[in-house]
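> sequence-free structure coming up:
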């Protein structure tokens, strides 16, 4: 668990690509995963579901990555 927490911490303030999977019901947030299958949770539009988008990670815990704003400069 320590290793995962350190890996997630190393991603803070960096841009990564994530695949947006779905909306979290009752929270008005989107759920995505990065290349390592780590959960990424953020506010965003439902039209991003199914797309790979670049995001900037703000903070993390041992299980998830979080961002305050979605930074999109391209979508694949």
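Alright, I've got the coordinates. Just so it is clear, the structure is predicted and the values come from calculations on it, not from any experiment.
> what packs against the helix or strand of the chain with the lowest mean pLDDT?
Per-element confidence for the chain was summarised using mean pLDDT, DSSP states H and E. The lowest value among helices and strands belongs to helix 2-10, with a mean of 87. When contacts are defined as 3 or more Cβ pairs under 8 Å, 6 or more residues apart in numbering; DSSP states H and E, helix 2-10 packs onto strand 59-60. C-beta coordinates here come from the backbone N, C-alpha and C atoms, glycine included.
> now for the strand it packs on, which elements pack on it?
helix 2-10, strand 64-66.
> Now distance to residue 20 too, for those, in TSV please.
Output for the helices and strands packed on strand 59-60, formatted as TSV (distance: least, Cβ to Cβ, whole Å):
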stretch	distance to residue 20
helix 2-10	19
strand 64-66	13
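> Out of the ones you listed, which one sits most buried?
strand 64-66 (a mean of 18; mean count of other Cβ atoms under 10 Å).
> roughly how far is that one from the heart of the chain?
For strand 64-66, the separation from the chain centroid amounts to 6 Å (computed by Cα atoms, centre = their mean, to the nearest Å).
> in its sheet, what does it sit against?
Partner strands for strand 64-66, per DSSP bridges, with pairing direction: strand 39-42 (parallel), strand 59-60 (antiparallel).
> residues of the strand ranked longest in the chain that come out buried?
As assigned by DSSP state E, the longest strand anywhere in the chain is strand 15-24. Residues of strand 15-24 classed as buried by neighbour count (16 or more other Cβ atoms under 10 Å): 16, 18, 19, 20, 23.
> The next helix or strand after that strand vs strand 15-24, what angle?
Using DSSP states H and E, the helix or strand that follows strand 15-24 in sequence is strand 29-33. Between strand 29-33 and strand 15-24, the angle formed by their directions is 130 degrees, by axes from the mean of the first three to the mean of the last three Cα atoms, to 10 degrees.
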